[in-house]
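just coords:
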């Protein structure tokens, strides 16, 4: 933990994609508590403005969709780290609408990585999902499980992980899942 913690001490500004969601708003509040400057990018399709009410005056809010490279690039400008939480969650929703799930979770992630690179951001933290492991029974679920996702949501999160790994090598950005 010490080395990871040390790498984060030089982070002064963070973009949280999906920062108006339940988890994103909690991450945003904790980053602020730790003295970081925080910018939130959210399109409010699943996130809620009220989730940011307690920290509203302390964050820079950029309303936009991660599928837009231009909007994501603008939001990424000047930050040290991107915590990428924006996604369209829910396995049942992904079965009803796999195209939108793929567009947000895969294409959106594919937009975040070059935007971070082009903005000079050196770190991206990507939130995956246990859904990439399908019906694996082992607990706790870890990154070493062989993934057989069983929903379009799980497939989209796994594809985004794979993009992350490939772009880490190509772009030279430090990426954690």
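Thanks, I have it. Source: prediction; values computed, not measured. Numbers count the residues shown, from 1 in each chain.

Surely residue 38 is within a strand?
Yes - counting by DSSP: H, G, I helix; E, B strand; the rest coil, residue 38 is located in a strand.

Is it bridged to anything, and to what?
When assigned by DSSP bridges, residue 38 has beta-bridge partners residue 14, residue 59.

That one against residue 57, yeah?
No - using Cβ atoms under 8 Å, residue 38 makes no contact with residue 57, being 11.7 Å away. C-beta coordinates here come from the backbone N, C-alpha and C atoms, glycine included.

And the two? Which one has more around it.
residue 38 (23 against 7; other Cβ atoms under 10 Å).

contacting residues for the more buried one?
Going by Cβ atoms under 8 Å, 6 or more residues apart in numbering, residue 38 touches 13, 14, 15, 16, 19, 28, 31, 32, 55, 58, 59, 60.

TSV for these, including pLDDT and neighbour count?
Formatted as TSV, the contacts of residue 38 follow (pLDDT from 0 to 100; neighbours: other Cβ atoms under 10 Å):
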residue	pLDDT	neighbour count
13	93	15
14	96	26
15	97	29
16	97	29
19	96	30
28	96	28
31	95	23
32	96	16
55	91	18
58	94	14
59	95	21
60	95	13
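
between these, which is nearest residue 97?
In terms of Cβ to Cβ, no member of the contacts of residue 38 lies closer to residue 97 than residue 19, at 23.4 Å.

nearest residue to that closest one other than its sequence neighbours?
residue 40 (3.1 Å; Cβ to Cβ, 6 or more residues apart in numbering).

And for that neighbour, the neighbour number?
Residue 40 has 29 nearby residues by other Cβ under 10 Å.

what's the answer for residue 63, then?
Residue 63 has 13 neighbours, counted by other Cβ under 10 Å.

which helix is the longest one in this structure?
Longest helix in the chain, counting residues (DSSP state H): helix 152-171.

Buried residues of the helix or strand following that helix, list them for me.
Next helix or strand after helix 152-171 toward the C-terminus (DSSP states H and E): strand 174-176. By neighbour count with 16 or more other Cβ atoms under 10 Å, strand 174-176 contains the buried residues residue 175.

What pairs with strand 174-176, parallel or antiparallel?
Checking strand 174-176 against DSSP bridges gives partners strand 123-126 (parallel).
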